[in-house]
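In: Starting from these lines, generate the structure:
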Amino acid sequence: IKFCSNCHNISDVVLCEICANPKRDASIVCVVEDIRDVMAIENTSQFNGLYHVLGGKISPMEGIGPKDLTIESLVEKVRKGETKELIFAMSSTMEGDTTNFYMYKQMQGLGVNTSTIARGISVGDELEYADEITLGRSILNRIPFENSLRAT
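Out: Numbers count the residues shown, from 1 in each chain. Model prediction:
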């Protein structure tokens with residue numbers, strides 16, 4: 001097993017199946033922690049862009065810094081100019097947020113749009129069991145009801 005030379009996903013050839021697919025939108029790159037996240041997003045059938053697998057997240061407590069991840073190759077990919085948008089799809093943890101912020105700072109001035117995946121209440125969850133941070137973000141980042149109909 002090798003790693004894709006473009007996105008760092010697992011592959012048995014130079015380019016993984018996703019990066020080699022000409023029908024994928026190469027202008028949008030979804031940045032994830034590991035290959036399991038690629039599989040989870042692919043299973044939704046809602047994303048048609050490419051990926052960039054970081055190989056983890058920044059975690060000073062575990063001795064993992066930016067240099068231990070594939071952030072430099074992501075910056076190089078953006079500098080080449082094909083990438084128009086980066087979607088940060090990191091875990092909703094302190095380490096995930098730290099990694100998102102670090103990448104955001106690295107991308108400033110490179111002419112790429114950055115976004116992060118929506119966070120909120122899981123489908124089927126009772127509101128009373130949601131933690132305060134998730135519930136608060138859901139209120140602050142609310143969307144028009146019509147938009148919620150398109151997501152189903």
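In: what's the domain layout of the chain?
Out: What automatic domain parsing lists as the domains of the chain is 2-117, 123-152.
In: So what does the nearest residue to residue 20 once chain neighbours are set aside have for phi and psi?
Out: Residue nearest to residue 20 in three dimensions, not counting chain neighbours: residue 13, with 7.8 Å by Cβ to Cβ, 6 or more residues apart in numbering. All C-beta spots, glycine's among them, are computed from the backbone N, C-alpha and C. Main-chain dihedrals, residue 13, degrees, to the nearest 10: phi -130, psi 180.
In: quick one on the thing from earlier: mean pLDDT and mean neighbour count added to the domains of the chain, as CSV?
Out: Compiled in CSV, the domains of the chain are given as follows (pLDDT from 0 to 100; neighbours: other Cβ atoms under 10 Å):
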stretch, mean pLDDT, mean neighbour count
domain 2-117, 96, 16
domain 123-152, 77, 10
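In: This protein: strands as residue ranges?
Out: With strands called from DSSP state E, the chain shows them at 2-3, 10-11, 25-32, 49-53, 85-88, 113-116.
In: Quick test: name the residue nearest the centre of the chain.
Out: Residue closest to the average C-alpha location in the chain (Cα atoms, centre = their mean): residue 89, at 2.6 Å.
In: Which residues are in contact with that residue?
Out: Neighbour list for residue 89: 30-32, 37, 41, 116-117 [criterion: Cβ atoms under 8 Å, 6 or more residues apart in numbering].
In: and with 10 Å instead?
Out: Residue 89 makes contact with 30-33, 37-38, 40-41, 47, 51-52, 96, 100, 115-117 under the criterion Cβ atoms under 10 Å, 6 or more residues apart in numbering.
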